[in-house]
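In: structure for the following, please:
(2 chains)
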There are 2 protein chains.
Amino acid sequence: MTEPTADQPAAPQRPGLSRRRLFGALGAGTAGVLAAGTAGGVVGRATADGPAGGAHASGAAPTDAVPFHGEHQAGIVTPAQDRLHFVALDVTTDSREDLVALLQDWTAAARRMTAGQDAGEVGAVDGDRYAPPDDTGEAIGLPPSGLTLTVGFGPTLFTTADGRDRFGLAVRRPAPLVELPSFPGDQIDPAISGGDLCIQACANDPQVAVHAVRNLVRIGAGVVSVRWSQLGFGRTSSTSNGQATPRNLFGFKDGTANLKAENGSTLDRFVWVGDDDADWLRGGSYLVTRRIRMLIEPWDSSSLDEQQRTIGRTKGTGAPLGQRAEFDPVDFTTRVDGEFAIPETSHVFLAHPTNAGTAILRRGYSFVDGSDGLGRLDAGLFFIAFQRDPGTGFVQVQRNLRRDALNEYVRHTSSAVFACPPGVRDPADWWGRALLSG
Amino acid sequence: MTEPTADQPAAPQRPGLSRRRLFGALGAGTAGVLAAGTAGGVVGRATADGPAGGAHASGAAPTDAVPFHGEHQAGIVTPAQDRLHFVALDVTTDSREDLVALLQDWTAAARRMTAGQDAGEVGAVDGDRYAPPDDTGEAIGLPPSGLTLTVGFGPTLFTTADGRDRFGLAVRRPAPLVELPSFPGDQIDPAISGGDLCIQACANDPQVAVHAVRNLVRIGAGVVSVRWSQLGFGRTSSTSNGQATPRNLFGFKDGTANLKAENGSTLDRFVWVGDDDADWLRGGSYLVTRRIRMLIEPWDSSSLDEQQRTIGRTKGTGAPLGQRAEFDPVDFTTRVDGEFAIPETSHVFLAHPTNAGTAILRRGYSFVDGSDGLGRLDAGLFFIAFQRDPGTGFVQVQRNLRRDALNEYVRHTSSAVFACPPGVRDPADWWGRALLSG
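Out: Numbers count the residues shown, from 1 in each chain, chains lettered A, B, ... in the order given. Now for the predicted structure:
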């Protein structure tokens, strides 16, 4: 979970690994994107500087608003906020008209809430006392807190599992938007997987994220119902050069080598849908979620050496094994005591773009959902990745991880994929207009 | 859930309510504790000032450390932090020696972690690489974040449900430490109720709270196992005069009338165990937890008027119905259009100290645990109350609520009671020493 993205690649790749494509080499401290011979490629970090210390790039305060309108939806390359409430919903009507009205209503409410206003124009306080309030009220007085709301459309919105084309959208389904394949070791629970629609709410205050989801669900009553939802905290990836690398619940720095918001051309290549996909989705992105339970107790009783060899980094500094500092290049040829410092079964080795041949933008959060009735914490990583194509993004990365030593300590329990439309351009625009209007 | 504590009482109580004891009257703006004729009493707020705006009283920053040593355990009258991880554990051994060693080890680790250090002396980074780390690592580099760790002992530590006296403690069980009675409407799930021990971890960073619980659980391997746990966010009560009143998930201000940390004599009377209880518990307190699911969807579709009459306060300002401002006195005699402004079945009416005849210190948190498989958010209030005696504290308040209009919108799904020993006095002291040493 630590590495399925870009980093400074090694100098010459380890001999005998010809099954892995080497796309290029990049010296420490150099930035840029290398030419790639085939699908995927190696991406350099935009800068070689360490984290700037603050969690919020670009000088924005954690309480500030993030602009809602734009070419892309906010919440994808937005520097990751501290808290998550993710919800997947099923559409309970066959009325395309109701679906359109819902998306319009959601857009209006999202526009207001991301600016720190009530969900409805009248608001919680000043409404007709004999009608339900236009806002549920629990965020009154709280600042925008960096709230972003990001919407996605699941494969079942286009064609239901039993083959029905409820909204006349089957013909407009983008080819890459198909259910994810099974992977070895998957323990997916269908009840907390999939969904016709999703909303990712991120904010620096959980009350603000929860308030936003709850009000969108309220507005959707009679049109959608919640299928599953997940709360998260402690972002597990830095998505901007201004963000210090956080630690996941295995205690390791996570996201050192993630794609960064500042790396525009890389984002175009790996994150944003281009003109080789459905028209309505251009400027959007595909969202993959995986609820990855971490087996905390066996991990905590394993040795430091085992943990470090499983990840491929040192626990304290986050440095690649055999190196000194977090942002030192990952060098798969380094030997220590005659052995390769970074084991071939380590997560870093297998997930590294040099070896995975692709890059994705991770934006995951830790979760603790109580305990499991057997005395174990039900905790882990709610993995979120954005990519231009799930097939060459997450699916390719995950297939590479079949020999990952980390698999002994994790279980994937939920899975979903959504196509996130481009941004809402202006006050007249709404989520999904290009897909659903006309 | 908004009112089971102190407030400025009304002027003369409403006629015809003689079943309710009137303990006294206090003008707006006056502070103090009134004489009470019988058990319980009316408690004035320590000051009549509005909230000072900041969430953290006494000038402490949210990242600062809270002192671990003291007469009382931290985390009870400590100004409520923003995040909670609560865990209940069962002791899996019959060895008193192991239990003592665990409490000593926990105390040492808690002393370190509340100061912002690793759980173990060696720490996550510098330990023997062939041994499991002494700290799980996910809080490396994070500040103390106001972490408090508060331990409690459940009735089953003294005598198990099947009557065994595992640790020779049956004779030392304090008389008030008995399982809570059933209340009408309870939907308690035994699997997430009770427990031999509990740890309440509060901090301003969820990663810090989770890290602390996880390391204490790790240290307890082989002696205790997790029975259930609960995460919470967005404290639902202000426990200090410096804290603005937060809003619960019903959108109402909650905790306006809570006991405040600054009110020493009131705390002695209602929170701290005195010399009329078990010697080892003097300076401690009883902790009651109730997981109160809120029925979000019916609430959100009810009118503002219904919501306000259910609570007894206005949603916007938090003012008692018939008054103008949050801290205006709750006056049960005020009439509007010929009717009593605050209905007799409102939560404020029934939970108010004037009518409940007692006071408790609430310290609850909101929770959202995903959804329930039927399209409904599994959300609510994890209610926490501290009191000198559960019988004259929570049980008395809750019995008064049997006609509470709010009952239509809430379900209690978990219940527990614990005796929290007094504070750890110095570096040689440990949690429960007075109970278990000698």
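
In: C-alpha only now, for contacts and for neighbours.
Out: Fine.

In: where in chain A is the helix or strand with the lowest mean pLDDT?
Out: Ranked by mean pLDDT, DSSP states H and E, the weakest helix or strand in chain A is helix A:123-126, scoring a mean of 77.

In: now the strands for chain A?
Out: Taking DSSP state E to define them, one finds strands in chain A at A:83-91, A:148-153, A:197-203, A:224-235, A:285-294, A:335-336, A:339-340, A:361-362, A:365-371, A:377-387, A:410-420.

In: now the fourth one against strand A:83-91, angle please.
Out: Following axes from the mean of the first three to the mean of the last three C-alpha atoms, to 10 degrees, one obtains 160 degrees for the angle between strand A:224-235 and strand A:83-91.

In: got the CA coordinates for strand A:224-235 in PDB?
Out: Presented in PDB, the C-alpha positions along strand A:224-235 are these (Å, rounded to 0.1, in the frame of the first residue of the first chain):
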ATOM      1  CA  VAL A 224     -31.200   7.100  -3.700                       C
ATOM      2  CA  SER A 225     -30.400   5.000  -0.600                       C
ATOM      3  CA  VAL A 226     -27.100   4.500   1.100                       C
ATOM      4  CA  ARG A 227     -25.500   1.200   0.100                       C
ATOM      5  CA  TRP A 228     -22.400   1.500   2.300                       C
ATOM      6  CA  SER A 229     -20.300   4.200   3.800                       C
ATOM      7  CA  GLN A 230     -16.900   4.500   5.400                       C
ATOM      8  CA  LEU A 231     -15.300   7.100   7.600                       C
ATOM      9  CA  GLY A 232     -11.500   7.700   7.600                       C
ATOM     10  CA  PHE A 233      -9.000   9.800   9.400                       C
ATOM     11  CA  GLY A 234      -5.300  10.500   9.100                       C
ATOM     12  CA  ARG A 235      -4.800  10.700   5.400                       C
END
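
In: with adjacent residues omitted, what lies nearest to residue A:131?
Out: Spatial nearest neighbour of residue A:131, chain neighbours left out: residue B:303 (4.4 Å); criterion: C-alpha to C-alpha, 6 or more residues apart in numbering or on different chains.

In: same question but for residue A:255, I mixed them up
Out: residue A:237 is the one closest to residue A:255 (C-alpha to C-alpha, 6+ apart), at 4.1 Å.

In: from what I see, the one you found and residue A:362 are in contact.
Out: Yes: at 6.5 Å, residue A:237 and residue A:362 qualify as touching, with contact defined as C-alpha atoms under 8 Å.

In: residues contacting whichever residue of the stretch 151-300 of chain A sits closest to chain B?
Out: When scored by C-alpha to the nearest C-alpha, the stretch 151-300 of chain A has residue A:251 as its residue closest to chain B, at 3.8 Å. Counting by C-alpha atoms under 8 Å, 6 or more residues apart in numbering or on different chains, residue A:251 makes contact with A:315, B:136-140.

In: residue A:155 now?
Out: Residues near residue A:155 by C-alpha under 8 Å, 6+ apart: A:173, A:177-179, A:196, A:417-418.

In: are any of the residues you listed buried, and which?
Out: Buried by 16 or more other C-alpha atoms under 10 Å in any protein chain shown: A:173, A:177-178, A:196, A:417-418, out of the contacts of residue A:155.

In: wait, the residue nearest to residue A:131 sits on residue A:133?
Out: Yes: assessed by C-alpha under 8 Å, residue B:303 is found in contact with residue A:133 at 6.5 Å.

In: same drill for those two, tell me which one is more crowded.
Out: Neighbour comparison, residue B:303 and residue A:133: the larger count goes to residue A:133, with 25 against 18 (by other C-alpha atoms under 10 Å in any protein chain shown).

In: what's around the closest residue to that one other than its chain neighbours, how many residues?
Out: Nearest residue to residue A:133, sequence neighbours excluded (C-alpha to C-alpha, 6+ apart): residue A:124, at 5.0 Å. Other residues within reach of residue A:124, judged by other C-alpha under 10 Å, total 24.

In: OK, contacts around residue A:124?
Out: Counting by C-alpha under 8 Å, 6+ apart, the residues that residue A:124 touches are A:118, A:133-137, B:315-316.

In: need the max-distance pair from those.
Out: Spanning the widest gap among those are A:118 and B:315, at 13.4 Å by C-alpha to C-alpha.

In: show me where pLDDT drops low in the stretch 301-438 of chain A?
Out: The stretch 301-438 of chain A contains residues with pLDDT under 70 at A:438.

In: need the residues of it near chain B, please.
Out: Residues of the stretch 301-438 of chain A found near chain B (C-alpha under 8 Å from any C-alpha of the partner chain) are A:301-306, A:315-316, A:368-377.

In: rerun that using 6 Å as the cut-off
Out: Applying C-alpha under 6 Å from any C-alpha of the partner chain, we find that the stretch 301-438 of chain A lies next to chain B at A:301-305, A:316, A:370-371, A:375.

In: by neighbours, which of these wins?
Out: Busiest of those [other C-alpha under 10 Å] is residue A:304, holding 25 neighbours.

In: my read is that that one contacts residue B:128, right?
Out: No: using C-alpha atoms under 6 Å, residue A:304 makes no contact with residue B:128, being 7.4 Å away.

In: how far off centre is stretch A:366-385?
Out: Distance, stretch centre to chain centre, for stretch A:366-385: 17 Å (C-alpha atoms, centre = their mean, to the nearest Å).

In: look at it and report the distance between its end residues.
Out: From its first residue to its last, stretch A:366-385 covers 14 Å (C-alpha to C-alpha, to the nearest Å).

In: just the buried positions in it, please.
Out: Residues of stretch A:366-385 classed as buried by neighbour count (16+ other C-alpha under 10 Å): A:366-371, A:375-385.

In: ok, now stretch A:331-338?
Out: Residues A:331-334 are the ones in stretch A:331-338 that count as buried (16+ other C-alpha under 10 Å).
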